[in-house]
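A.B. asks: how would this look folded up:
(2 chains)
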There are 2 protein chains.
Amino acid sequence: MKKKLLITGFIPEYLICSFRDRFDITMPDEEKDRFTLDEVKERIKGQDALFTLYAFKFGKELIEMADSVKVVANGGVGFDNIDVKACTEHGIFVVNTPTSVAEPTAEMTFAIMMAITKGIVMYDRAARANGNTVQPFFFDRDILDYGKTLGIVGFGRIGQALGRKALGIGMNVIYYDPLRKSREEEQRMGVRFAGFDELISTADVVSCHMPYTPESHHTFDRKVFERMKDTAYFINAARGPIVNQEDLIWALKNHKIRGAGLDVYEFEPDIPKELTELENVVLTPHVGSNVIECRKEMLEEALGGTYKLLNGTEIPNIVNKELITGR
Amino acid sequence: MKKKLLITGFIPEYLICSFRDRFDITMPDEEKDRFTLDEVKERIKGQDALFTLYAFKFGKELIEMADSVKVVANGGVGFDNIDVKACTEHGIFVVNTPTSVAEPTAEMTFAIMMAITKGIVMYDRAARANGNTVQPFFFDRDILDYGKTLGIVGFGRIGQALGRKALGIGMNVIYYDPLRKSREEEQRMGVRFAGFDELISTADVVSCHMPYTPESHHTFDRKVFERMKDTAYFINAARGPIVNQEDLIWALKNHKIRGAGLDVYEFEPDIPKELTELENVVLTPHVGSNVIECRKEMLEEALGGTYKLLNGTEIPNIVNKELITGR
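C.D. replies: Numbering: from 1, shown residues only, chains lettered A, B, ... in the order given. Got it, this is the predicted structure:
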């Protein structure tokens, strides 16, 4: 029997069509693009599941209205937009997409890192503006990644996938994570554990990949940027508020670090004007998993999983697993 | 005893200073940046060696004037700017920089590839113009490199270094080269040989890394682009005239291929306006080896080598080795 599914944003037909036999779907049209909170409230009654796109906030008030909802699937691995505790209390499963986003997000992060360390965006701008290849003998802005050290803060699936790629191009990889891997795993991966302080002060590139929680809020602030090498680059394709954005802009303007590659921002959807006016940054509009192949796999992981769960089959990507144990 | 060295372009003091004990150096100042042919002619008399930067043309006429010159060192691995045959006839050694440029050039090529396949430059432009992260659900322009096939045409040092990096991020690598590697080498490297036709028609990304010679002129033309996948990307960080630029622009405008990443152009220093107006390209101003670490190593390989050679010591990076055999 078809289940009723409410999606908070538009998905093109050729991507969503394969789910129409399993779900009776309500979603905004292309022009509308995404539902507001009020529009979701109007449509939540009677739904079996909700699919949250663009970090749509699924908070207490809405959860209390969502009597019939048994599963909320989040289009992404980070679920800081969802009040998981309230969901658990109301018996709503929270599902995310950890497997499908890991490799693509790591790849996008890696591309952003390469672009800022090699000056690709700056060079492209110069080439288009000048219409020729006349250029200074070198820019002191770009570095050779080969042989340099990448420091990864938060060593989950995405951090590890990024680490593999960095090792693959000849970088050294150190990582910090509250949960340290075993010596054997570290050896197998070819990475070394470092304390947070050691990592930020020795790495040539620092990339953060932890989830956003109250504890990780503003992990990177003025003090941290001051301790980084002034030749180092900072990368964030995880969550904006992990970084004190004002402090990052200060560090970039005052050459405390050499540059930054950013896919996420503290106050999204806003990207502050001060950032867009800087030369030593590469800015992308929160597109970590914005690749067709990935979108397809995310839909399968989120909606295929939701359908199974609604029909009583356990799936690996449940955030609040305590709901199962409690059953 | 100091040798007399003429350099065709300006090199900052902190890079060239370590050679001043070995050479009596003539070069343009920072403002002048590079000598014209006439200015080199005026200064060539009595020089022991010439260091050619920015593909300065060392042709027959100049070679015949260069009585005292025993070595011409080229700042780069590609020496199509030098008439090697005429040099050999005049007993002038030609020296290049194959070792120092391989890894950096491969890395820059790799970064350009990542930037075009992931849409980094396009995203950066959008992020700066819009000042927010609101964006379509996906762009059909970018691809996941993971699991895709890179076809490398010309499998010398740079091609091989690029292949290692591509394998390191999870791509498959096929290569074409007139000189096929042994099965054992292919297996060790994890690459597969393909005929030129198979390579261009099956690869998701095609990158060329052959030297520019009369034979490689316009290897990539309309017919080749027509046979490439319409989802494929073309990368050229080798030499411009390997590609028929007009045909490439035609292929890009008519969506015969999805995009191109270019560091070199057919009629340098010009980058044609038609290219700079395209969205589906990443353009860099011939900066393959434009990294400080690399510039230092290039100077050592070129000038350190030249000094040794002038003092009768053999070095590995001699282009016209027949001069030694003939001694």
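
A.B. asks: okay, CA-based contacts and neighbour counts for the rest of this
C.D. replies: OK.

A.B. asks: I'd assumed residue A:10 was in contact with residue A:28.
C.D. replies: Yes: using C-alpha atoms under 8 Å, residue A:28 is in contact with residue A:10, at 5.2 Å.

A.B. asks: what's around the residue of chain A found nearest chain B, how many residues?
C.D. replies: Chain A approaches chain B most closely through residue A:168 (3.7 Å), counting by C-alpha to the nearest C-alpha. Residue A:168 has 18 neighbours, counted by other C-alpha atoms under 10 Å in any protein chain shown.

A.B. asks: contact partners for it?
C.D. replies: B:164-169 (C-alpha atoms under 8 Å, 6 or more residues apart in numbering or on different chains).

A.B. asks: more neighbours, residue A:28 and residue A:10?
C.D. replies: Ranked by neighbour count (other C-alpha under 10 Å), residue A:28 and residue A:10 place residue A:10 first, with 20 against 16.

A.B. asks: now the residue nearest the centre of chain A: closest residue in space that isn't a chain neighbour?
C.D. replies: Nearest to the geometric centre of chain A sits residue A:238, at 3.9 Å (C-alpha atoms, centre = their mean). Among residues not flanking residue A:238 along the chain, residue A:209 sits closest, at 5.3 Å (C-alpha to C-alpha, 6 or more residues apart in numbering or on different chains).

A.B. asks: give me the neighbour count for that neighbour.
C.D. replies: When neighbours are counted by other C-alpha under 10 Å, residue A:209 registers 24.

A.B. asks: now do the strands in the stretch 151-300 of chain A.
C.D. replies: Secondary structure of the stretch 151-300 of chain A (DSSP state E, counting those that start in this stretch): strands at A:172-176, A:192-193, A:205-208, A:233-236, A:259-262, A:281-283.

A.B. asks: paired strands for the second one, with orientation please.
C.D. replies: What it means is strand A:192-193. Strand A:192-193 sits in its sheet next to strand A:172-176 (parallel), going by DSSP bridges.

A.B. asks: what's the offset of the strand it pairs with from the middle of its chain?
C.D. replies: 19 Å (C-alpha atoms, centre = their mean, to the nearest Å).

A.B. asks: CA atoms only: put that strand into PDB for me.
C.D. replies: Extracted C-alpha coordinates of strand A:172-176, given in PDB (Å, rounded to 0.1, in the frame of the first residue of the first chain):
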ATOM      1  CA  ASN A 172      50.600  13.500   4.800                       C
ATOM      2  CA  VAL A 173      47.400  13.200   6.800                       C
ATOM      3  CA  ILE A 174      47.000  13.800  10.600                       C
ATOM      4  CA  TYR A 175      43.600  13.800  12.300                       C
ATOM      5  CA  TYR A 176      41.900  14.800  15.500                       C
END
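
A.B. asks: how far does stretch A:87-97 stretch from one end to the other?
C.D. replies: 17 Å (C-alpha to C-alpha, to the nearest Å).

A.B. asks: what do you get for stretch A:150-165?
C.D. replies: Note: stretch A:150-165 ends 11 Å apart using C-alpha to C-alpha.

A.B. asks: residues contacting that stretch, please?
C.D. replies: A:98-99, A:101-103, A:105-107, A:109-110, A:166, A:171-178, A:189, A:191, A:196, A:199-200, A:203-211, B:168-170.

A.B. asks: is it true that residue A:258 touches residue A:228?
C.D. replies: No: using C-alpha under 8 Å, residue A:258 makes no contact with residue A:228, being 9.8 Å away.

A.B. asks: about what we covered before: pull out the buried members of the contacts of stretch A:150-165.
C.D. replies: A:98-99, A:101-103, A:105-107, A:109-110, A:166, A:171-177, A:191, A:196, A:199-200, A:203-211, B:168-170 (16 or more other C-alpha atoms under 10 Å in any protein chain shown).
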